[in-house]
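1. based on what follows, work out the 3D shape:
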Amino acid sequence: MQFSEIMDKSGVEQVSSQTNISIDNLNNLVEENFEKLTRVKSLGFLLILEREYKDIDVSELRERVKIYFEEHKPADENVVMVSKDSVTGASYDFSFFKWFIVAALFSIGLYLYTQGNLDGVMKNMEDKKDFFDDNKALESNVTDKEAKNVLVENSHQEELVTIATPVAPAEKKITLISQEAKNDAKHHKNGISEAEQSTESVVKEVVESAEGVVKKTVDEVVSAESAKTDSSVPKISTITINPTRGTLWFGFINLDTKKKREFMKKTSTPFDIEGARWLLVTGHGYVDIVSDINTIELADSKKHYFYIDSKEVKTLSKREFRRMNGRRGW
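-> Below you'll find the model as predicted:
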């Protein structure tokens, strides 16, 4: 059984657990990225695989490893023989140069101190350190989009002063009215008040009834439009990873639970997103990413990053991926 067949059958996580070989090193062996491994490591990993899987055949892979490192063998470096006397003289010259530098720095510091400039230099260095620390804190905690939207305004609150103008008291007028006239006026006023109250009550009932009808009609229209909009927008429920050229590594990260799921496949693989938010990373290979709303075709040998939810599949840069994943890679 070939190494790639065991990887497809058992999965990279199970092979890594059984052999104690890291997932990255296994992926490098599968993809034959020998430049990321040494000759000793590559051949050692193959021996471990033969020990753990009795029916595995890695002879062809071992030959490719040997051929690669034979072709990329570093050129022999020139050997320089140095006599003992030469080494001693060089050491003496180096020690003299070191003490010369120390004396020069001491002289410069003494000069600045005597001229009263040492405090200014130290303060300038502290200000630069605070500036770089502030920039580092902003870079760690503020995204590019948020930084562009920051607006600093100087607000000045004005006080409003009101000057009250004294008003002369109105003159009081005394009018004598008989008790009978008072009673007639009171009855007349009560009659008008009762008529007004009756009219107001009727008008209020009519207005409330009209408002109820209008509100009901508006709510029905809004509900119908919302239902129509929701039904017309397609939802993503499944993402299908379709490798188009050999075996492909890819992994999903749940943004809510931070759990990871990774695969090593060369056949089409559907993945249920379960209504959650996901990050997707694809390895070096050719692949089609098929969703319910679109298909993304990748025809290069680079890593790619995506954000996925029930509404969209969005391409991310490596920087955006690390920011959404808590400043971490895979």
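
2. how's this structure carved up into domains?
-> The chain breaks down into these domains under automatic domain parsing: 3-71, 95-136, 238-324.

3. weakest of these in terms of mean pLDDT?
-> Mean pLDDT is lowest for domain 95-136 among the domains of the chain, at a mean of 67.

4. save the domains of the chain as JSON lines, and put in distance to Glu220 and mean neighbour count too.
-> Using the backbone N, CA and C atoms, a C-beta is placed for each residue, glycine as well. Below are these laid out as JSON lines (distance: least, C-beta to C-beta, whole Å; neighbours: other C-beta atoms under 10 Å):
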{"stretch": "domain 3-71", "distance to Glu220": "54", "mean neighbour count": "15"}
{"stretch": "domain 95-136", "distance to Glu220": "56", "mean neighbour count": "10"}
{"stretch": "domain 238-324", "distance to Glu220": "27", "mean neighbour count": "15"}
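
5. take those and lay them out in CSV including distance to Glu208.
-> Converted to CSV, the domains of the chain look like this (distance: least, C-beta to C-beta, whole Å):
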stretch, distance to Glu208
domain 3-71, 67
domain 95-136, 61
domain 238-324, 42
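
6. report how many residues lie close to the residue nearest to Glu35 when sequence neighbours are not counted.
-> Counting by C-beta to C-beta, 6 or more residues apart in numbering, His72 is the residue found nearest to Glu35 once chain neighbours are left out, at 7.6 Å. In terms of burial, His72 registers 10 neighbours under the definition other C-beta atoms under 10 Å.

7. check contacts around Ser10.
-> Gln18 (C-beta atoms under 8 Å, 6 or more residues apart in numbering).

8. state the distance from Phe96 to Leu110.
-> The spacing between Phe96 and Leu110, counted by C-beta to C-beta, to the nearest Å, is 21 Å.

9. also Phe34?
-> As for Phe34, its distance to Leu110 is 58 Å (criterion: C-beta to C-beta).

10. one more: Phe252?
-> Here the distance between Phe252 and Leu110 works out to 64 Å (C-beta to C-beta).

11. repeat that for Lys314.
-> Using C-beta to C-beta, one obtains 61 Å as the distance from Lys314 to Leu110.

12. shouldn't Asp288 be within a strand?
-> Yes - assignment of Asp288 by DSSP: H, G, I helix; E, B strand; the rest coil places it within a strand.

13. show me what contacts it?
-> Applying C-beta under 8 Å, 6+ apart, we find Asp288 in contact with 242, 244, 295-298.

14. in what helix or strand does the nearest residue to Leu37 once chain neighbours are set aside lie?
-> Taking C-beta to C-beta, 6+ apart, and ignoring the residues beside it in sequence, Leu37 has Asn28 as its nearest neighbour in space, at 5.6 Å. Using DSSP states H and E, Asn28 sits within helix 23-31.

15. now do Leu46
-> helix 39-52.

16. which strands and helices sit next to that helix?
-> Helix 39-52 makes packing contacts with helix 12-19, helix 23-31, helix 59-71 when contacts are defined by 3 or more C-beta pairs under 8 Å, 6 or more residues apart in numbering; DSSP states H and E.

17. packing partners for the longest one?
-> Read that as helix 59-71. The elements that helix 59-71 packs onto, with contact taken as 3+ C-beta pairs under 8 Å, 6+ apart, are helix 39-52.

18. next one: phi and psi at Ile239?
-> Note on Ile239: its backbone torsions stand at phi -110, psi 130 [degrees, to the nearest 10].

19. ditto for Gly246
-> Main-chain dihedrals, Gly246, degrees, to the nearest 10: phi 80, psi -160.

20. ranges for the helices of this structure?
-> Chain-ordered helices for the chain, with DSSP state H as the definition, fall at 3-10, 12-19, 23-31, 39-52, 59-71, 84-115, 118-141, 144-148, 179-232, 318-324.

21. which strands and helices sit next to the third one?
-> So that's helix 23-31. The elements that helix 23-31 packs onto, with contact taken as 3+ C-beta pairs under 8 Å, 6+ apart, are helix 3-10, helix 12-19, helix 39-52, strand 248-254, strand 260-265.
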